[in-house]
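Enquirer: I would like to see how this sequence folds:
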Amino acid sequence: MIIGAIILGAAALLYSMGRVPRCTCGTIKLWHGLVMSAENSQHISDWYSFTHIIHGFLFYLVMWLVVPEWSLGKRLAFASALEAGWEVFENTDFIIERYREATISLDYYGDSILNSAADIGFMILGYLLAATMPAWLTIATGLAMEIGVGYAIRDNLTLNVLMLIYPLEALRTWQAGA
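Expert: Residues are numbered from 1 along each chain as shown. The predicted structure follows:
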């Protein structure tokens, strides 16, 4: 119930910030695979859903290291709050404009509330997978997702964070396919 309340709280905050509940295209898709599209980050899942699964892997590791005495549920609730906080922050004008100026995401105008809620769900999935899989399999899965998504769309969690913090023109050119 706590995690549900966290997701609803994030959705309410996003709505108050002017985020659209779902894609303004009028449809809801389970998967939208076109990155250079106004519908990116508007549907349930997309290429960036994999980065949220990796968030779950990383949050599991950090919580396991920092507060191992907490129950799995308490650690998951805290990780969910962190992910919800990121979803709200990611959809501020500051971060949206940063993505647009520092990356190739010129058509990015923020996530729909549906996509943000699903992103929190993907983090939870990653967290629970990390809690149940052997460490080597979690690491291998995370690396496979990073490499696979990087190959498929010339972006992934590592490149996304790098370009957000320290944009490199050569990387931006490569990501644009030039």
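
Enquirer: in which helix or strand would I find the residue positioned nearest the centre of the chain?
Expert: Nearest to the geometric centre of the chain sits residue 52, at 3.9 Å (Cα atoms, centre = their mean). Assigned by DSSP states H and E, residue 52 belongs to helix 49-66.

Enquirer: ok, and for that helix, which residues are buried?
Expert: Neighbour-count burial for helix 49-66, counted by 16 or more other Cβ atoms under 10 Å, picks out 49-61, 63. Yep, even glycine has a C-beta here, placed from its N, CA and C like the rest.

Enquirer: on that earlier part again, from memory the residue nearest to the centre of the chain sits against residue 115, does it?
Expert: No - Residue 52 lies out of contact with residue 115 (Cβ atoms under 8 Å); the separation is 10.1 Å.

Enquirer: Show me what the worst-scoring helix or strand of the chain on mean pLDDT is packed up against.
Expert: Every helix and strand of the chain was ranked by mean pLDDT, DSSP states H and E. The lowest is helix 93-102, at a mean of 85. With contacts defined as 3 or more Cβ pairs under 8 Å, 6 or more residues apart in numbering; DSSP states H and E, helix 93-102 has these neighbours: helix 157-165.

Enquirer: go again using 10 Å as the cut-off
Expert: Packing partners of helix 93-102 (3 or more Cβ pairs under 10 Å, 6 or more residues apart in numbering; DSSP states H and E): helix 72-90, helix 157-165.

Enquirer: got a markdown table for the ones you listed, with distance to residue 41, mean pLDDT and mean neighbour count too?
Expert: Formatted as a markdown table, these follow (distance: least, Cβ to Cβ, whole Å; pLDDT from 0 to 100; neighbours: other Cβ atoms under 10 Å):
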| stretch | distance to residue 41 | mean pLDDT | mean neighbour count |
| --- | --- | --- | --- |
| helix 72-90 | 9 | 98 | 19 |
| helix 157-165 | 12 | 92 | 15 |
